[in-house]
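*Asks:* Pasting a predicted model and its sequence here:
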Amino acid sequence: MLTPKWLSVAKNEYRIHTSSIRGIRSYFPYLAIGLLAVYVVYVAPAIVNLFIDDFLAVILSQAAVAIAEIILFMIFVYFLIFPISNMLMDIHAGRREIFLAAPI
Amino acid sequence: MKVVIRTDELSKYYGKASEIKAVDELDLEVYEGETFGLLGPNGAGKTTTVRLLNCIIKPTSGTATVDGYDILKQETEVKRITGLLAESPGLYEKLSAYEFLEFMGALYDVPNDILAERIDDLLKLFGLYDRRDYLLEGYSRGMKQKVLIASALIHDPPILFLDEPTSMLDPRAALMVKDLIRKLANGAGKTIFICSHILPIVEELCSRIGIINQGRLIAVGTVDEIKAQTGTKTLEEAFIALTGGVEEKELLAWREHRVAHA
């Protein structure tokens, strides 16, 4: 059985980016999802409860629109632009040749 | 003898007016099972020829067939039957040898049920089995070259292109790689196309050689035939005679010029 090419490339990238935690690589996704679930279910609500009054005041103020725009822009830069540009900078000519020479 | 690589006026030009002729009307035939060496000085067009024959770049004009497949119309088929060791290969240093070969096997559509066994066989053949789970960043240059040759063999191609296989290696590692190439040629019966500017390697390994200079093939034949053609005693002398080596006098001409003006 053949693995789809996109899955092979994705698996390879995952291996490269997790090479420093090779010991826990096999269960790292479950660990990450577990930690995220704990954060979403327990930690985040607890933090919000602490600041809910101030938070509501900000949300209902005129400044909310500007703040939301800034936050969305920062999310866009940190989670999309930085990783993509870093990845493109990392691709060396020799690695491109590996892909170009393969029957993809 | 069956011709497996045939080029027909294969050309690759660069520049707006096509003034840089990397490969110029190359006509060449390579036979099945032979080890063919393409010799030439730096910038002669060796790597461009290999890239054209592996469908990495497209020719400006002319064409070629690799085991009967046209490099212009049947790219995928050509890529499936060839293995390439590039001149400056990109190795994923953060992967282990096993992981890298597994990735290369997946790119070349090696079925999962035979891939693991083939990787183990190759790692044993190249003496890397004990270090298969070590990251490649910790490997020596010779060991990395072995991994790259193994990756070129992962899909068991009948035709192998090796671009400067020993140029970056110390003499010990170069000897090791030479032995491997010899084993592949004699034991596995593969057609091997070697590009190099290192004459002794080509002389030792190749049954026939071609000499390329400024994109044009200027001689082809066995080492003895080329020596006879040029009336020289060694391949080095034949190479210099054909490619026009610069005389020492010419190199020092600038000094004499300066002295005359002083």
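*Replies:* That came through, no problem. Residues are numbered from 1 along each chain as shown, chains lettered A, B, ... in the order given.

*Asks:* Just the buried residues of stretch A:53-70, please?
*Replies:* Of all the residues in stretch A:53-70, not one is buried under the rule 16 or more other Cβ atoms under 10 Å in any protein chain shown. The C-beta positions use only the backbone N, C-alpha and C, and glycine is treated the same way.

*Asks:* And that stretch, end to end?
*Replies:* One end of stretch A:53-70 sits 21 Å from the other (Cα to Cα, to the nearest Å).

*Asks:* all strands for chain B, in order.
*Replies:* B:3-14, B:20-31, B:35-39, B:61-66, B:69-70, B:82-85, B:159-163, B:191-196, B:208-213, B:216-221 (DSSP state E).

*Asks:* Strand B:208-213 and the last one, what's the angle between them?
*Replies:* With axes from the mean of the first three to the mean of the last three Cα atoms, to 10 degrees as the basis, strand B:216-221 and strand B:208-213 are set at 160 degrees to each other.

*Asks:* how close does the nearest residue to B:Tyr14 once chain neighbours are set aside sit to chain A?
*Replies:* In space, and not counting its chain neighbours, B:Tyr14 is closest to B:Ile20: 4.1 Å by Cβ to Cβ, 6 or more residues apart in numbering or on different chains. Remark: distance between B:Ile20 and chain A (Cβ to the nearest Cβ, to the nearest Å) = 19 Å.

*Asks:* ok, now B:Leu217?
*Replies:* In terms of Cβ to the nearest Cβ, B:Leu217 sits 23 Å off from chain A.

*Asks:* That residue bridge partners, please.
*Replies:* B:Ile212 (DSSP bridges).

*Asks:* looking at it, it is touching B:Leu26, isn't it?
*Replies:* Yes. Assessed by Cβ atoms under 8 Å, B:Leu217 is found in contact with B:Leu26 at 5.5 Å.

*Asks:* if we can go back for a sec, closest to B:Gly105 out of the strands of chain B?
*Replies:* In terms of Cβ to Cβ, the element of the strands of chain B nearest to B:Gly105 is strand B:82-85, at 11.9 Å.

*Asks:* could you say what helices and strands that closest one packs with?
*Replies:* Contact partners of strand B:82-85 among helices and strands, from 3 or more Cβ pairs under 8 Å, 6 or more residues apart in numbering or on different chains; DSSP states H and E: helix A:93-101, helix B:141-153, strand B:159-163.

*Asks:* Just send those back as TSV, with mean pLDDT and mean neighbour count too.
*Replies:* Formatted as TSV, those follow (pLDDT from 0 to 100; neighbours: other Cβ atoms under 10 Å in any protein chain shown):
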stretch	mean pLDDT	mean neighbour count
helix A:93-101	77	16
helix B:141-153	88	22
strand B:159-163	93	24
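
*Asks:* mind putting those in JSON lines, distance to A:Ala44 included?
*Replies:* Formatted as JSON lines, the helices and strands packed on strand B:82-85 follow (distance: least, Cβ to Cβ, whole Å):
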{"stretch": "helix A:93-101", "distance to A:Ala44": "39"}
{"stretch": "helix B:141-153", "distance to A:Ala44": "45"}
{"stretch": "strand B:159-163", "distance to A:Ala44": "54"}
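
*Asks:* now for those, which one comes closest to B:Gly62?
*Replies:* That would be strand B:159-163 among the helices and strands packed on strand B:82-85, by Cβ to Cβ, at 18.3 Å.

*Asks:* How about the closest one and chain A, any contact?
*Replies:* No. Using Cβ under 8 Å from any Cβ of the partner chain, strand B:159-163 stays clear of chain A, coming no nearer than 8.9 Å.

*Asks:* Give me the contacts around that strand.
*Replies:* B:4-5, B:46-47, B:50, B:53-54, B:66-67, B:81-87, B:149, B:152-153, B:181, B:184, B:190-195 (Cβ atoms under 8 Å, 6 or more residues apart in numbering or on different chains).

*Asks:* mind saving the C-alpha coords of that strand as PDB?
*Replies:* Backbone C-alpha positions of strand B:159-163 (Å, rounded to 0.1, in the frame of the first residue of the first chain) are rendered in PDB as follows:
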ATOM      1  CA  ILE B 159      19.900   3.700 -14.100                       C
ATOM      2  CA  LEU B 160      21.900   5.700 -11.600                       C
ATOM      3  CA  PHE B 161      23.200   9.300 -12.000                       C
ATOM      4  CA  LEU B 162      26.100  10.200  -9.700                       C
ATOM      5  CA  ASP B 163      27.100  13.800  -9.900                       C
END
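
*Asks:* now it against strand B:20-31, angle please.
*Replies:* 140 degrees.

*Asks:* so what strands line up beside strand B:159-163?
*Replies:* strand B:82-85 (parallel), strand B:191-196 (parallel).

*Asks:* Off-centre distance for that strand?
*Replies:* Distance of strand B:159-163 from its chain centroid, counting by Cα atoms, centre = their mean, to the nearest Å, is 5 Å.

*Asks:* Around chain B, which positions in chain A sit nearby?
*Replies:* Residues of chain A lying near chain B (Cβ under 8 Å from any Cβ): A:1-3, A:5, A:8, A:11-12, A:15-16, A:19, A:92-104.

*Asks:* Recalculate using a threshold of 6 Å.
*Replies:* Neighbours of chain B within chain A, by Cβ under 6 Å from any Cβ of the partner chain: A:1-3, A:8, A:12, A:15-16, A:19, A:92, A:94-95, A:97-98, A:100-103.
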